[in-house]
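Peer 1: Okay, here's the prediction I keep looking at, along with the sequence it came from:
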Amino acid sequence: MEAVFTAVAVGFEAIGAAAMIVGFVVALVLGARSLARHEGGQAAFTTLRTTLGAAILLGLEVLVAADLIRTITSKPSLEDAAILGLIVLIRTILSISIQIEIEGTLPWRRALLRSGGQLMSDAVARDRAAQQAARVSPPRPDPSAP
């Protein structure tokens, strides 16, 4: 039975890593599309930063779940529990820091709870809306161009 839970934990770790990798690619694509629509470097950077942060946040949440599965299914050892506890603590602090950076507010002060997946979904939806708006109206001239 322990082998099954170990495989599940490894699966969760793979999913967490994949979420970060796929999120990185999505962030690059959304940032590039923002630049292609002539929204400006600041908008592209904000899109890239927010989407990448959301992907990292989602991946960290899944990795914490993998750590919890490992903790529940491993043989009790004070050293193993301390190591896993430290890893979960570090990942939780990273998650909170990234969430504060993305949203600009403390997580417990938000009116609506938003997960990393929801933040990525919002970024993709904003990109689609901007793409549709760009098709409807002609591109805006770059104000910094001479």
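Peer 2: Thanks, I have the structure now.
Peer 1: Check the protein for its longest helix and report it.
Peer 2: Longest helix of the chain, by residue count under DSSP state H: helix 2-36.
Peer 1: which residue ranges form the helices in the chain?
Peer 2: According to DSSP H, the chain carries its helices in the segments 2-36, 41-73, 78-103, 116-136.
Peer 1: Tell me which of the ones you listed is the most buried.
Peer 2: Compared across the helices of the chain, helix 41-73 shows the largest average neighbour count, a mean of 19 (mean count of other CB atoms under 10 Å). The way it works is simple: take the backbone N, C-alpha and C, and place the C-beta from them, glycine included.
Peer 1: re earlier: looking only at pLDDT, what's the mean for the longest helix of the chain?
Peer 2: Averaged over helix 2-36, pLDDT sits at 91.
Peer 1: Check the offset of stretch 79-87 from the chain's centre.
Peer 2: Distance of stretch 79-87 from its chain centroid, counting by CA atoms, centre = their mean, to the nearest Å, is 24 Å.
Peer 1: Using CSV, write down the CA coordinates of it.
Peer 2: C-alpha atoms of stretch 79-87 as CSV (Å, rounded to 0.1, in the frame of the first residue of the first chain):
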residue,chain,number,x,y,z
GLU,A,79,13.7,13.5,11.4
ASP,A,80,11.5,12.8,8.3
ALA,A,81,8.6,14.7,9.8
ALA,A,82,10.8,17.7,10.6
ILE,A,83,12.3,17.8,7.1
LEU,A,84,8.9,17.5,5.4
GLY,A,85,7.5,20.1,7.8
LEU,A,86,10.3,22.5,6.8
ILE,A,87,9.7,21.9,3.1
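Peer 1: Contacts for it next, please.
Peer 2: The contact list for stretch 79-87, computed with CB atoms under 8 Å, 6 or more residues apart in numbering, reads 67, 70-71, 74.
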